[in-house]
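> no FASTA, just this:
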């Protein structure tokens with residue numbers, strides 16, 4: 001009975017745990033998508049990547065509007081032998097992932113504003129739910145057969161959809177101490193919203209007994225009621241969740257830009273830990289484990305970003321970036337204890353001016369997570385990845401430029417061994433593609 005009781009709790013645990021984990025999005029411009037290394041840039045998207053470098057812009061007002069369209073497929077392959085189908089697919093579609101940047105530069109000073117989804121994971125749709133939801137249900141035939149009632153099959157209608165978006169509103173003040181040294185200070189306001197909806201309903205089995213002599217699929221709650229098992233009838237009844245979590249926080253940001261020569265630029269940026277408390281706003285929760293009004297911590301970790309840019313010739317440039325995420329120091333209600341090593345990103349990008357109007361670019365990014373096996377699950381997993389990006393900047397006029405980019409992520413599958421009466425494996429895999437376009441205008 002204890003094993004079967006997980007049916008009543010896994011549904012809600014699976015939903016709520018999707019909001020926990022490594023949250024930060026560093027893909028904050030179309031130029032990033034085409035290059036994958038933007039930490040040392042002295043361009044308008046430096047509002048996010050290198051605020052101190054904004055002092056290198058020409059005097060005047062600069063505006064950029066960018067958008068990314070992102071597609072991700074998540075797959076869980078579970079070898080538990082009682083499941084009807086071992087493969088579970090989830091789709092994340094983000095048709096609009098906007099970034100807006102504005103900079104006013106005058107002399108040694110630059111004032112800037114940025115907006116974008118700085119964290120969160122878009123919308124994930126699992127039309128069959130997840131193995132954690134179905135595995136307890138798959139044991140029903142064996143359970144009922146143990147009562148002396150032959151049962152060989154089960155079925156259920158399971159679905160889950162979750163969305164997570166953390167909108168950031170950032171302001172910076174940048175100042176050039178000299179031609180070679182610039183500093184900046186800023187703050188980002190984060191507004192976080194997670195929504196979850198899903199259900200487990202119409203659980204059916206095919207017991208052969210006096211009330212169902214031909215072994216047709218029938219309602220599991222009705223069956224357990226008929227054989228006077230009210231506890232199991234309640235456990236197999238329809239369950240649903242409809243909940244929202246909201247919260248806000250502030251991220252202080254400091255940056256330094258060094259330009260010792262015309263060919264070389266170096267940057268350092270530190271984003272402090274964002275203390276974030278989310279609150280449950282629950283419309284429906286049949287299990288009672290997602291209580292309305294309960295608060296929990298889901299911090300955005302501090303980040304140290306370093307970048308270097310070198311121009312081999314006036315037309316050919318290389319950029320390198322390194323980001324280090326202080327996951328172990330964040331407050332994730334204890335999940336930070338499941339982090340073995342902090343996450344890091346290392347990237348290299350190349351740009352070449354094909355002509356005065358067209359710049360071609362390509363980049364490579366390595367993302368390395370250090371999460372323990374206990375952290376990884378079907379509803380919350382992060383996979384190390386190799387990412388490849390490419391694209392171009394087109395200077396349409398003296399004042400208007402257009403960034404075009406595309407990327408592809410190659411993730412490393414993760415397999416863990418689980419035990420539920422017997423040992424079985426569960427493997428997590430992902431694929432991601434993104435396309436981006438950005439308009440940059442100097443007034």
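That came in fine, so what should we check first? It should be emphasised that the depicted structure is a prediction, and the values quoted were computed from it without experimental measurement.
> need the helices for the stretch 151-300 of the chain, in chain order.
Using DSSP state H, counting those that start in this stretch, the helices of the stretch 151-300 of the chain run over 220-226, 230-235.
> what packs against the last one?
Applying 3 or more C-beta pairs under 8 Å, 6 or more residues apart in numbering; DSSP states H and E, one finds that helix 230-235 contacts helix 220-226. All C-beta spots, glycine's among them, are computed from the backbone N, C-alpha and C.
> What is the end-to-end distance of stretch 45-60?
Taking C-alpha to C-alpha, to the nearest Å as the measure, stretch 45-60 stretches 16 Å from start to finish.
> Pull out the buried positions in that stretch.
Going by neighbour count (16 or more other C-beta atoms under 10 Å), the buried part of stretch 45-60 is 45-57.
> between these, which is nearest residue 394?
Distance to residue 394, by C-beta to C-beta, is smallest for residue 45 among the buried residues of stretch 45-60, at 16.1 Å.
> What's the separation between the closest one and residue 440?
Counting by C-beta to C-beta, to the nearest Å, the gap from residue 45 to residue 440 is 8 Å.
> Also residue 179?
In terms of C-beta to C-beta, residue 179 sits 24 Å off from residue 440.
> Mind checking which of the two has more residues around it?
Per other C-beta atoms under 10 Å, whichever of residue 179 and residue 440 has more neighbours is residue 440, with 24 against 11.
> Note down every partner strand of the helix or strand harbouring that one and its orientation.
Assigned by DSSP states H and E, residue 440 belongs to strand 423-442. Paired neighbours of strand 423-442 in the sheet (DSSP bridges): strand 60-78 (antiparallel), strand 400-411 (antiparallel), strand 414-419 (antiparallel).
> Can you show me the strands along the stretch 1-150 of the chain?
60-78, 87-106, 109-126 (DSSP state E, counting those that start in this stretch).
> now the shortest one, how far from the chain's geometric center?
The gap between where strand 109-126 is centred and where its chain is centred comes out at 11 Å by C-alpha atoms, centre = their mean, to the nearest Å.
> just stretch 186-195 next, same as before
Using C-alpha atoms, centre = their mean, the offset of stretch 186-195 from its chain centre is 14 Å.
> Quick one: mean pLDDT over it.
In this model, stretch 186-195 has an average pLDDT of 95.
> now do stretch 406-421
93.
> Give me the buried stretch members for that stretch, please.
406, 407, 409, 411, 414, 416, 418.
> and residue 232, how many residues sit next to it?
21.
> I figured it hits residue 224, correct?
Yes: contact status for residue 232 versus residue 224: in contact at 4.2 Å, counting by C-beta atoms under 8 Å.
> what residue ranges in the protein score low on pLDDT?
Flagging of the chain using pLDDT under 70 yields the residue ranges 1-22, 121-122.
> and residue 254, what does it touch?
183, 184, 185, 186, 269, 270 (C-beta atoms under 8 Å, 6 or more residues apart in numbering).
> isn't the fourth one right up against residue 173?
In this case it means residue 186. Yes: at 6.9 Å, residue 186 counts as touching residue 173 under the criterion of C-beta under 8 Å.
> More neighbours: which of the two?
Set side by side, residue 186 and residue 173 show unequal neighbour counts under other C-beta under 10 Å, the larger going to residue 186 at 23 against 14.
> okay, and the common contacts of residue 45 and residue 440?
Taking C-beta under 8 Å, 6+ apart as the contact rule, residue 45 and residue 440 both touch residue 64.
> okay if I get the strands of the stretch 1-150 of the chain as TSV plus distance to residue 292?
Formatted as TSV, the strands of the stretch 1-150 of the chain follow (distance: least, C-beta to C-beta, whole Å):
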stretch	distance to residue 292
strand 60-78	29
strand 87-106	27
strand 109-126	22
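> okay, and the common contacts of residue 186 and residue 173?
residue 112.
> Contact partners for residue 97?
27, 67, 68, 69, 70, 116, 117, 122.
> if you set the cut-off to 10 Å instead, what comes out?
Applying C-beta atoms under 10 Å, 6 or more residues apart in numbering to residue 97 gives the contacts 25, 27-28, 33, 66-70, 116-117, 122, 165, 434, 436.
> That one bridge partners, please.
Going by DSSP bridges, residue 97 forms beta bridges with residue 68.
> what two of the contacts of residue 97 are the furthest from one another?
Using C-beta to C-beta, the two most remote members of these are 33 and 165, lying 18.6 Å apart.
> Looking at those two, which is more packed in?
residue 33 (30 against 19).
> what about the longest strand in this protein?
Taking DSSP state E as the criterion, the chain has its longest strand at strand 181-205.
> Paired strands for it, with orientation please.
strand 154-176 (antiparallel), strand 218-219 (antiparallel), strand 239-258 (antiparallel).
> Which positions in that strand come out as buried?
182-184, 186, 188, 190, 192-200, 203-205.
> Now residue 263: phi and psi?
The phi and psi values for residue 263, taken as degrees, to the nearest 10, are phi -90, psi -20.
> Kindly tell me how buried it is, as a neighbour count.
13.
> Skipping its backbone neighbours, what lies nearest it in space?
Leaving aside its chain neighbours, residue 263 sits nearest to residue 311 (4.5 Å; criterion: C-beta to C-beta, 6 or more residues apart in numbering).
> what's the most buried one of the helices of the stretch 151-300 of the chain?
helix 220-226 (a mean of 20; mean count of other C-beta atoms under 10 Å).
> and stretch 247-255, how far from the chain's centre?
Using C-alpha atoms, centre = their mean, the offset of stretch 247-255 from its chain centre is 19 Å.
> same question but for stretch 407-427, I mixed them up
On the basis of C-alpha atoms, centre = their mean, stretch 407-427 sits 18 Å off its chain's mean C-alpha point.
> ditto for stretch 170-183
That offset, for stretch 170-183, works out to 31 Å (C-alpha atoms, centre = their mean).
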